[in-house]
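Student: Give me a model of this one.
(chains A and B)
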Amino acid sequence: MMHSEVIDVEDNTPTVKTIYFEWKQEAKPGQFIMAWVPGTGEIPISLSSTDTIKSITVKSYGPASDAITKLKRGSRIFFRGPYGRPFSTVSGPALLIGGGSGMASLRPLITKDTDAIVSARTAAELLFSDRIMGGKLFEVTDDGSAGIRGNPIDALSTIDLEKYKMTYVCGPEIMLKKVFDFLNRSQIRAEFAMERLMKCGIGVCDSCSVDGFQLCRDGSIFSIEELRGMTEFGRTKLTESGKRIYLNY
Amino acid sequence: MNRLNTQISGIRLDNPFILASGILDENGYTMKRVLDEGAAAVVTKSIGISERSGYRTPVVVEIDGRNMINAIGLANPGIDNFGEEMKIARESMKPVIGSVFGSTAEEFAQLSMKMEAYGASAIELNLSCPHVKGFGQEVGSDPDLVESIVGEVKRSVKIPVFAKLSPNISDMLEIAKAAEKADAYVLINTVKAMAIDIYARMPVLSNSFGGLSGPCIKPVGIRYVYEVKRETGKEIIGVGGIRTGEDALEYIMAGASCVEIGTAVHSDGRDIFKKLSLETGNIMKSEKIESIGEIIGAAIRR
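Tutor: Sure, this is the predicted structure:
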């Protein structure tokens, strides 16, 4: 287990914070760490900055993530990693499609050449839309409080996708599946960051597997071609006990 | 016939390498993939009567990239929810061995019958998990209870029954003798251990204690396989720290008929199965060993 000191904490939305810490380790967009809160728990979190100063962007959803959002400047942060296969990097125009806190792992991909569809439930929950520099920004909210009312497909269907060298997608599986189904008809290149319950992070416990691939090792980034062959994607997943449940989309 | 072919209790194996219980064996699709990628058989995650979520994280500690300590806490969906995973895994057409844990002979028998009905090729009795109260090693260190569990399960199913024993007891031979009705022994389970983070001033695992696995426990496993084989003559599945062809042959010469692979999946990835078959085959060829069978227990001195 490694540790570092928190050098800054940033409020991004009413429920999301970004924790900055120094870590010289090389890491790439799409990779993640297992962040440990001693006495509370350990959770996988994508790196939202991958330079010498690293960051994680966290929404409180359980005891460990809640404790991480309460870290202050000067607090110690414990972690191991980086883990996972990163996004492929391309030169030229790219499109980011982020749902909710899914924008966190897409943030390191932002350049002057990236357009973005940033979606959330409400205007207040739109994450990192203020970081899109130069490229076009499409905001989408469930309730219409900002941008287009609806889901990312409503924005996607108005865009000419041919000009992008790559489309990067991260968000809840229901969103990934919708975007996948939409893009699947085209020939465009796309990569998706998947999410599953994860326990070990090192490719042994089988909690995060999809079609026999371990998200923590073979993913969590998969290309659209890889997803095409997966029977579990958008259909079933295992709970903490290993019980198979069906995703009702 | 391929020189890597072997068998355990009449179950034919393409090669001596079986996926160990607790590693990549909760999801049927994963077991199927591991089999398709070169494992001769898989052992399922240990399954109990009722659903358990296991311990909260951290559930593993990595040590130097090759060894690890784990305390998953017998997370499992319960036997009634495991049929679909067995069905998916069995699409590979290779043997799937059902691992079960319980606290009484009746529970073990009930679980084993359900595993048999799901199409398991054999039963592996978890008498050795080192980190859950009331199960595993606590059950497996009581010779009378072990004798009644093995006896009851043997009476209840037709498929072979393997007893997986713990190194965390003073006299494994006593337990091995208590389990002598089993068709084979599986030696060894993990070694009870812990790791402390000095900067957090506390154990890393949420359960504090866990089971140590990886190359560091191989000499312990070799010793138990050797000793139990020499004293009982029974078939043995060796497990503990195997990540090269040399490691596998060492276990086989100590008395194992085949071996299970766990932590090496962490250090080397799922490719480990192909790598082990290749390495083992090459060594056998250069050492002029024609079959696994001719070297089982070859190192034993009486």
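Student: gap between A:Phe27 and B:Ser103?
Tutor: No, residue A:27 isn't Phe; it's Ala. Per Cβ to Cβ, to the nearest Å, A:Ala27 is found 45 Å from B:Ser103. Just so you know, the C-beta spots here come from the backbone N, C-alpha and C atoms, and that holds for glycine as well.
Student: can I assume A:Thr231 is in contact with A:Phe213?
Tutor: No: using Cβ atoms under 8 Å, A:Thr231 is not in contact with A:Phe213, being 11.7 Å away.
Student: between those two, who's got more neighbours?
Tutor: Neighbour count, other Cβ atoms under 10 Å in any protein chain shown: between A:Thr231 and A:Phe213, A:Phe213 has more, with 23 against 11.
Student: Helix, strand, or coil at A:Lys237?
Tutor: Assigned by DSSP: H, G, I helix; E, B strand; the rest coil, the conformation of A:Lys237 is strand.
Student: In terms of neighbours, single out the busier of A:Ala27 and B:Ser103.
Tutor: Under the criterion of other Cβ under 10 Å, the comparison of A:Ala27 against B:Ser103 puts A:Ala27 first, with 22 against 17.
Student: how about the residues of chain A near chain B?
Tutor: For chain A, the residues found near chain B under the criterion Cβ under 8 Å from any Cβ of the partner chain are A:1, A:3, A:34, A:36, A:38-39, A:41-43, A:64, A:76, A:78, A:80, A:199-207, A:209-214, A:217, A:231-232, A:238-244.
Student: Mark which of the residues you listed are part of helices, please.
Tutor: Among the residues of chain A next to chain B, the members falling in helices (DSSP state H) are A:Ala64.
Student: Among the residues of chain A next to chain B, name the buried ones.
Tutor: Of the members of the residues of chain A next to chain B, the ones counted as buried by neighbours, 16 or more other Cβ atoms under 10 Å in any protein chain shown, are A:1, A:3, A:34, A:36, A:38, A:41-43, A:64, A:78, A:80, A:199-207, A:209-214, A:217, A:232, A:238, A:241-244.
Student: which ones among those are found in strands?
Tutor: Secondary structure assignment by DSSP state E places A:3, A:34, A:36, A:41-43, A:78, A:80, A:209-210, A:213-214, A:238, A:244 of those in strands.
Student: contacts for stretch B:274-288?
Tutor: B:3-4, B:15-17, B:37-38, B:242-246, B:248-249, B:261, B:264, B:268, B:289-290 (Cβ atoms under 8 Å, 6 or more residues apart in numbering or on different chains).
Student: Now, these that are in strands?
Tutor: Using DSSP E, the contacts of stretch B:274-288 in strands are B:Phe17, B:Ile261.
Student: roughly how far out does stretch B:247-267 sit from the chain middle?
Tutor: Mean-position distance between stretch B:247-267 and its chain equals 10 Å (Cα atoms, centre = their mean, to the nearest Å).
Student: ok, back up a step: which of the contacts of stretch B:274-288 are buried, as a PyMOL select command?
Tutor: The buried residues among these can be selected in PyMOL (16+ other Cβ under 10 Å) with this line:
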select buried, chain B and resi 3+4+15+16+17+38+242+243+244+245+248+249+261+264+268+289
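Student: Output stretch A:235-249 as PDB, restricted to C-alpha atoms.
Tutor: Taking Å, rounded to 0.1, in the frame of the first residue of the first chain, the C-alpha atoms of stretch A:235-249 are listed here in PDB:
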ATOM      1  CA  ARG A 235     -27.500  -7.700 -19.700                       C
ATOM      2  CA  THR A 236     -26.300  -9.300 -16.500                       C
ATOM      3  CA  LYS A 237     -23.800  -8.800 -13.600                       C
ATOM      4  CA  LEU A 238     -22.800 -10.400 -10.300                       C
ATOM      5  CA  THR A 239     -23.500  -8.900  -6.900                       C
ATOM      6  CA  GLU A 240     -21.100  -8.800  -3.900                       C
ATOM      7  CA  SER A 241     -21.900 -12.500  -3.200                       C
ATOM      8  CA  GLY A 242     -21.500 -13.600  -6.800                       C
ATOM      9  CA  LYS A 243     -25.300 -13.900  -7.400                       C
ATOM     10  CA  ARG A 244     -26.200 -13.200 -11.100                       C
ATOM     11  CA  ILE A 245     -28.700 -10.400 -11.600                       C
ATOM     12  CA  TYR A 246     -30.300  -9.200 -14.800                       C
ATOM     13  CA  LEU A 247     -30.100  -5.500 -15.800                       C
ATOM     14  CA  ASN A 248     -33.500  -4.400 -16.800                       C
ATOM     15  CA  TYR A 249     -33.000  -1.800 -19.400                       C
END
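Student: pLDDT on that stretch, on average?
Tutor: For stretch A:235-249, mean pLDDT rounds to 90.
Student: Which single residue in chain A comes nearest to chain B?
Tutor: Here chain A gets closest to chain B at one residue, A:Gly212, 2.8 Å apart by Cβ to the nearest Cβ.
Student: mind listing what residue 128 touches?
Tutor: Here I'm looking at chain A. A:Asn12, A:Thr57, A:Gly98, A:Met103, A:Ala104, A:Leu106, A:Arg107, A:Ile110, A:Val118.
Student: switch to chain B, that's the one I care about
Tutor: With contacts defined as Cβ under 8 Å, 6+ apart, B:Ser128 is in contact with B:Gly136, B:Gln137, B:Gly140, B:Lys164, B:Leu165, B:Ser166, B:Asn168, B:Ile188, B:Asn189.
Student: Now it: phi and psi?
Tutor: phi -150, psi 0 (degrees, to the nearest 10).
Student: where does it land on pLDDT?
Tutor: The model's pLDDT for B:Ser128 equals 88.
Student: The residue lying closest to A:Gly39 once chain neighbours are set aside: neighbouring residues, count only.
Tutor: Setting aside the residues directly before and after it, A:Gly39 is nearest to B:Met202 in space (Cβ to Cβ, 6 or more residues apart in numbering or on different chains), at 6.5 Å. Close neighbours of B:Met202, defined as other Cβ under 10 Å, add up to 12.
Student: So in chain A, which helix runs the longest?
Tutor: Longest helix in chain A by number of residues, with DSSP H as the criterion: helix A:173-183.
Student: Let's verify the residue of chain B found nearest chain A: helix, strand, or coil?
Tutor: Nearest residue of chain B to chain A (Cβ to the nearest Cβ) works out as B:Arg33 at 2.8 Å. With three-state DSSP as the basis, B:Arg33 sits in helix.
Student: Could you tell me which residues make contact with B:Ile289?
Tutor: B:Ile289 sits next to B:Arg3, B:Ile283, B:Ile295 when contact means Cβ under 8 Å, 6+ apart.
Student: can you rerun that using 7 Å?
Tutor: Counting by Cβ atoms under 7 Å, 6 or more residues apart in numbering or on different chains, B:Ile289 touches B:Ile295.
Student: So which bits of stretch B:166-179 are buried?
Tutor: B:Ser166, B:Pro167, B:Asn168, B:Met172, B:Ile175, B:Ala176, B:Ala178, B:Ala179.
Student: Also stretch A:104-115?
Tutor: For stretch A:104-115, by 16+ other Cβ under 10 Å, it's A:Ala104, A:Ser105, A:Leu106, A:Arg107, A:Pro108, A:Leu109, A:Ile110, A:Thr114, A:Asp115.
Student: before we move on, back to that, contacts for the longest helix of chain A next, please.
Tutor: Contact with helix A:173-183 is made by A:97, A:99, A:151-153, A:156, A:167, A:169, A:190, A:192, A:194-195, A:224, A:227, A:234, A:247, A:249, as judged by Cβ under 7 Å, 6+ apart.
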